[in-house]
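Visitor: Generate a structure from the sequence data that follows.
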Amino acid sequence: MNAHKILKIASPEPSLQDTLSSSLGISKTFSQVLINRGIRGAGEARRFLDADVGGLSDPYSFRDMPKAVDIISKAIADKKKVMVFGDYDVDGITAIAILDIVLRRLGADVLHYIPHRIKEGYGLTKNILRLAEDRGAGVLITVDCGINSPREVEALERRNIRVILTDHHEPASSGELPAASAIINPKVKGSVYPYRDLAGVGVAYKLCQALSGGDLNDCLDIVALGTVADVVPLTGENRILVKEGLKRLKDTANLGLQALMESSGIKGKNISPTFVSYILGPRINASGRMDSAEVALELLLSSDRARATELASLLEGYNRQRQKVESSILEEAQAIIDKEVNFKEHKIIVIAKEDWHQGVLGIVASKLADRFYRPTILISLNEELCKGSGRSIKNFHLFDALADCSKYLDSFGGHSHAVGLLISRDNIADFRHSINRLAREKLLLQDLLPSIEVDMELGFCDLNERLADELKLLEPLGAANPKPLFYSRNLNLKNAPQALGRDTLKFWVTDGNITYQAIGFGMASLSGELVRTSAFDLIYTPRMDSWRGGNSLILEVEDIFFK
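Guide: Residues are numbered from 1 along each chain as shown. Reported below is the predicted structural model:
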């Protein structure tokens, strides 16, 4: 067995399997996969599998939506300027983009503002009142931020600048909401909106729906991009928005997205969430990490093909620069960990170095948290307040831990798995000691071992083309709807494995009666161990392979547990 991971196989529910299988005409195995995703009724299963735009909720289910629409419509009629203020990540940028597109269609005089990640930080800036007044804004709409900025909102409203907050973050624990003219957020207390997990761009889209009176299908490519990149659950409305949006992304009419897909080498391909997460999203994010997010926004709003190509090239450059800086910091961080971190004492990694680039700290912290399976906080040292970014693991609420150690921090924010903080240099050692003392009380040894969650244990006799076809109905896959995984025991190698390009391993595997081809991405280094072992267990996803015109079932390997 793989000693480094805890295997967790979902508990089967035969009775519910039978119910779903007979009601929907699906296999019992696929029924269990749906059950594992929290789907327990036939109607709920049909809505999940259909996931079409007819299932979107009425935007007026937001209590303040009528007020928001009235304020914006009146501003347009009165020729007042509307400023859209958003975050510098993909979610915020795409949210600004769709509001800009829709407001201009309606005849609005639109401005936008994105704060600089390093110079200004997240959320409504302290100088937002001056910015709005200098630009002559009569209405300010926030996207992907604002719900925890009561002072800034109050200052704007006091000067007769109407504020409409569209956000998807949790309000402060105090329960205090900004005194905005309208708040569109499914997570505020008392909200009756039927789906609470929209991304920031999803909330902005609902406002655009209400303003335009339609589904705005031509904007769904941008909505899908921001939704996937923000790693929100791909359930409910998010699943619909992403499923429909990804269909449109391949043949998008957006010149900026066309240029970006061409420059990144995925033009003409069926765009999956993986393409968004690892190719498009990082490129759009890169401008905000390395400089200003305005470049990415201009790309999405571009109406000139030559300019779009130029901007896509700029994003490619920013992304290469980001990768280089990220690689350098990762290497430096690893060296510090090797020298300073005692894993018997340090259940949380807290390390710092002079002038680490703040724009990539979160990415590097995430990679280190995955590598060591420990919550990780990286801090960039400077003469004034030092900025840090942290990422956590499954069983540790990092935001709550910062709250318990807040006496050492100047400010902090975030959620269970991702945080940002400001701290004085003199407090770092005490903070490190305090948060590790807390972790020793709360984290058990098994919490520091990564787990792999499997849908079902199967024999090879249970695998067939029908199951592979059914599993495709789960797409798009992502947060809260992961790739389906199955577990088969006591298998043997049928022939010598082959190492292919990009560290890929191909081999044939048998249970003694049935043999399947298996492919493991990033697993070429396991070739020798496969040959030496007497037997092994496999975790995999079955899928149909149509390479070279064939149509055969293959096993896409997630992990190998050696005997």
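Visitor: So for the spatially most central residue of the chain, what pLDDT did the model give?
Guide: Compute the mean C-alpha point of the chain, and by C-alpha atoms, centre = their mean the closest residue is V231, 1.8 Å away. Here, the pLDDT recorded for V231 equals 90.
Visitor: where do the strands sit along the stretch 351-500 of the chain?
Guide: Taking DSSP state E, counting those that start in this stretch, the strands of the stretch 351-500 of the chain run over residues 376-381, 386-391, 411-414, 418-423, 451-454, 456-457, 486-493, 498-500.
Visitor: helices or strands up against the fourth one?
Guide: Meaning strand 418-423. strand 376-381, strand 386-391, helix 398-404, strand 411-414 (3 or more C-beta pairs under 8 Å, 6 or more residues apart in numbering; DSSP states H and E). (Each C-beta comes from the backbone N, C-alpha and C, glycine too.)
Visitor: Out of these, which is closest to L467?
Guide: Closest approach to L467 among these is made by strand 386-391 (35.1 Å; C-beta to C-beta).
Visitor: Give me the helices and strands touching that closest one, please.
Guide: On a contact count with 3+ C-beta pairs under 8 Å, 6+ apart, strand 386-391 meets helix 361-372, strand 376-381, helix 398-404, strand 418-423.
Visitor: how about a cut-off of 10 Å?
Guide: Where contact means 3 or more C-beta pairs under 10 Å, 6 or more residues apart in numbering; DSSP states H and E, strand 386-391 is packed against strand 349-354, helix 361-372, strand 376-381, helix 398-404, strand 411-414, strand 418-423, helix 428-442.
Visitor: what angle sits between the longest one and strand 418-423?
Guide: I take that to be helix 428-442. 140 degrees (axes from the mean of the first three to the mean of the last three C-alpha atoms, to 10 degrees).
Visitor: can I assume F85 sits in a strand?
Guide: Yes. With DSSP: H, G, I helix; E, B strand; the rest coil as the criterion, F85 is located in a strand.
Visitor: Neighbours of A429, how many?
Guide: Residues near A429, counting by other C-beta atoms under 10 Å, number 12.
Visitor: Now do the helices in the stretch 451-563 of the chain.
Guide: Under the criterion DSSP state H, counting those that start in this stretch, helices of the stretch 451-563 of the chain are mapped to 465-472, 527-532.
Visitor: Save those helices as TSV, and put in mean neighbour count too.
Guide: Formatted as TSV, these follow (neighbours: other C-beta atoms under 10 Å):
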stretch	mean neighbour count
helix 465-472	16
helix 527-532	13
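Visitor: Out of those helices, flag the one nearest I379.
Guide: I379 sits nearest to helix 527-532 of all the helices of the stretch 451-563 of the chain, at 38.6 Å, using C-beta to C-beta.
Visitor: Which secondary structure elements does that closest one sit against?
Guide: With 3+ C-beta pairs under 10 Å, 6+ apart as the test, helix 527-532 has strand 486-493, strand 504-510, strand 515-520, strand 552-562 packed against it.
Visitor: between the ones you listed, which one is nearest to E244?
Guide: strand 552-562 (25.8 Å).
Visitor: for the closest one, packing partners?
Guide: Using 3+ C-beta pairs under 10 Å, 6+ apart, strand 552-562 is in contact with strand 451-454, helix 465-472, strand 486-493, strand 504-510, strand 515-520, helix 527-532, strand 536-545.
Visitor: Quick check: buried residues in the third one?
Guide: Neighbour-count burial for strand 486-493 flags 486-488, 491, 493 (criterion: 16 or more other C-beta atoms under 10 Å).
Visitor: Can you lay out the helices of the stretch 451-563 of the chain as JSON lines showing distance to S149?
Guide: Shown next, in JSON lines, are these (distance: least, C-beta to C-beta, whole Å):
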{"stretch": "helix 465-472", "distance to S149": "43"}
{"stretch": "helix 527-532", "distance to S149": "54"}
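Visitor: need those in JSON lines with mean pLDDT and distance to S277, can you?
Guide: Output for those, formatted as JSON lines (pLDDT from 0 to 100; distance: least, C-beta to C-beta, whole Å):
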{"stretch": "helix 465-472", "mean pLDDT": "97", "distance to S277": "19"}
{"stretch": "helix 527-532", "mean pLDDT": "91", "distance to S277": "28"}
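Visitor: pLDDT below threshold where in this protein?
Guide: Applying pLDDT under 70 to the chain flags the ranges 1-4, 548-550.
Visitor: what residues are up against S277?
Guide: 90, 228-229, 231, 478 (C-beta atoms under 10 Å, 6 or more residues apart in numbering).
Visitor: what about it, distance to T227?
Guide: Per C-beta to C-beta, to the nearest Å, S277 is found 11 Å from T227.
Visitor: now do D50
Guide: Taking C-beta to C-beta, one finds D50 at 18 Å from T227.
Visitor: Those two: which is more packed in?
Guide: The neighbour comparison of D50 against T227 (other C-beta under 10 Å) goes to T227, with 34 against 12.
Visitor: Quick check: which of the helices of the stretch 451-563 of the chain is nearest to S31?
Guide: Closest among the helices of the stretch 451-563 of the chain, using C-beta to C-beta: helix 465-472, at 9.4 Å.
Visitor: angle of the closest one against strand 536-545?
Guide: 80 degrees.
Visitor: what residues does helix 465-472 touch?
Guide: Defining contact as C-beta under 10 Å, 6+ apart, one finds that helix 465-472 is touched by 24, 26-27, 29-31, 33-34, 49, 455, 458, 464, 477, 483-484, 486, 541-545, 551-554.
Visitor: Mind checking which of those are buried?
Guide: Members of the contacts of helix 465-472 classed as buried by 16+ other C-beta under 10 Å are 24, 26-27, 29-31, 33-34, 49, 455, 458, 477, 484, 486, 541-543, 553-554.
Visitor: Tell me which other helices or strands the helix or strand hosting E237 touches.
Guide: Using DSSP states H and E, the element containing E237 is helix 236-249. Packing partners of helix 236-249 (3+ C-beta pairs under 10 Å, 6+ apart): helix 42-50, helix 200-212, helix 220-229, helix 255-263, helix 273-275.
Visitor: got the CA positions of that helix in CSV?
Guide: Below are the C-alpha coordinates for helix 236-249, written out as CSV (Å, rounded to 0.1, in the frame of the first residue of the first chain):
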residue,chain,number,x,y,z
GLY,A,236,-26.2,24.0,-8.9
GLU,A,237,-26.1,27.3,-10.9
ASN,A,238,-22.3,27.2,-11.2
ARG,A,239,-22.5,23.8,-13.0
ILE,A,240,-25.0,25.3,-15.4
LEU,A,241,-23.0,28.4,-16.0
VAL,A,242,-19.8,26.5,-16.6
LYS,A,243,-21.3,23.7,-18.7
GLU,A,244,-23.0,26.2,-21.0
GLY,A,245,-20.0,28.6,-21.0
LEU,A,246,-17.4,26.1,-21.9
LYS,A,247,-19.5,25.0,-24.9
ARG,A,248,-19.3,28.6,-26.1
LEU,A,249,-15.6,29.1,-25.2
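Visitor: my read: P194 touches S57, true?
Guide: Yes. At 5.1 Å, P194 counts as touching S57 under the criterion of C-beta atoms under 10 Å.
Visitor: domains in this protein, as residue ranges please.
Guide: According to automatic domain parsing, the chain comprises the domains 6-12+452-562, 55-222, 250-322, 331-448.
Visitor: Tabulate those in TSV, adding columns for distance to L241.
Guide: Converted to TSV, the domains of the chain look like this (distance: least, C-beta to C-beta, whole Å):
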stretch	distance to L241
domain 6-12+452-562	10
domain 55-222	6
domain 250-322	12
domain 331-448	21
